[in-house]
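K.L.:
Quick one: sequence and predicted model below, then my questions.
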Amino acid sequence: MRWLLVAQEKSSIPVPALILIVFWLTLLFASFGLFAPRNITTTIALFLCCLVTSGALAMVVELYTPFVGTVRLSDAPMRYAIELIGH
C-alpha cells in the first residue's frame, strides 16, 4: 500500500512546461491557419492535426498517473506479490 501511495503521490507534468507546450502549439497552429490557403482541405487537415496533437498531449498527461484515469495499470500483481511475501 505504501508503494501505491508513493507512485500516486508524484505530480504530473510541471505546470510551466505544460503552459509552454500549449502556448507553442497554439502559435504554431494559428500561424498555419493564417498563412494557409482557405479551402476545405486545409481546414480539415488543420482540424485533424489539432485533434491528434491535443490527444497526444492528453495521453502524456494521463500516463503520469498510472493507477487512476482512463488508462490504468492494475495493482493486482503487486497485491499478489505482497500476499506471497506475507506468507
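P.N.:
It's in.

K.L.:
okay, and for the protein, where does confidence drop off?
P.N.:
Counting by pLDDT under 70, the ranges of the chain that qualify are 1-12.

K.L.:
what about the longest helix in it?
P.N.:
helix 40-62 (DSSP state H).

K.L.:
what about it, distance to the chain center?
P.N.:
13 Å (CA atoms, centre = their mean, to the nearest Å).

K.L.:
Give the buried residues for that helix.
P.N.:
For helix 40-62, a neighbour-count test (16 or more other CB atoms under 10 Å) marks C50 as buried. C-beta coordinates here come from the backbone N, C-alpha and C atoms, glycine included.

K.L.:
Using CSV, write down the CA coordinates of that helix.
P.N.:
In CSV, the C-alpha atoms belonging to helix 40-62 read as follows (Å, rounded to 0.1, in the frame of the first residue of the first chain):
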residue,chain,number,x,y,z
ILE,A,40,-11.9,22.7,-47.2
THR,A,41,-8.7,20.5,-47.5
THR,A,42,-6.5,22.8,-45.4
THR,A,43,-9.3,23.3,-42.9
ILE,A,44,-9.8,19.6,-42.4
ALA,A,45,-6.1,19.0,-42.3
LEU,A,46,-5.5,21.6,-39.6
PHE,A,47,-8.5,20.4,-37.6
LEU,A,48,-7.2,16.8,-37.7
CYS,A,49,-3.7,17.9,-36.7
CYS,A,50,-5.0,19.9,-33.8
LEU,A,51,-7.1,16.9,-32.7
VAL,A,52,-4.2,14.5,-32.9
THR,A,53,-1.9,16.9,-31.1
SER,A,54,-4.3,17.5,-28.3
GLY,A,55,-5.0,13.8,-28.0
ALA,A,56,-1.2,13.1,-27.7
LEU,A,57,-0.8,15.8,-25.1
ALA,A,58,-3.8,14.4,-23.1
MET,A,59,-2.3,10.9,-23.3
VAL,A,60,1.1,12.2,-22.0
VAL,A,61,-0.7,13.8,-19.1
GLU,A,62,-2.8,10.7,-18.5
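
K.L.:
Which residues does that helix contact?
P.N.:
12-13, 18, 21-22, 25, 29, 32-33, 36, 69-71 (CB atoms under 8 Å, 6 or more residues apart in numbering).
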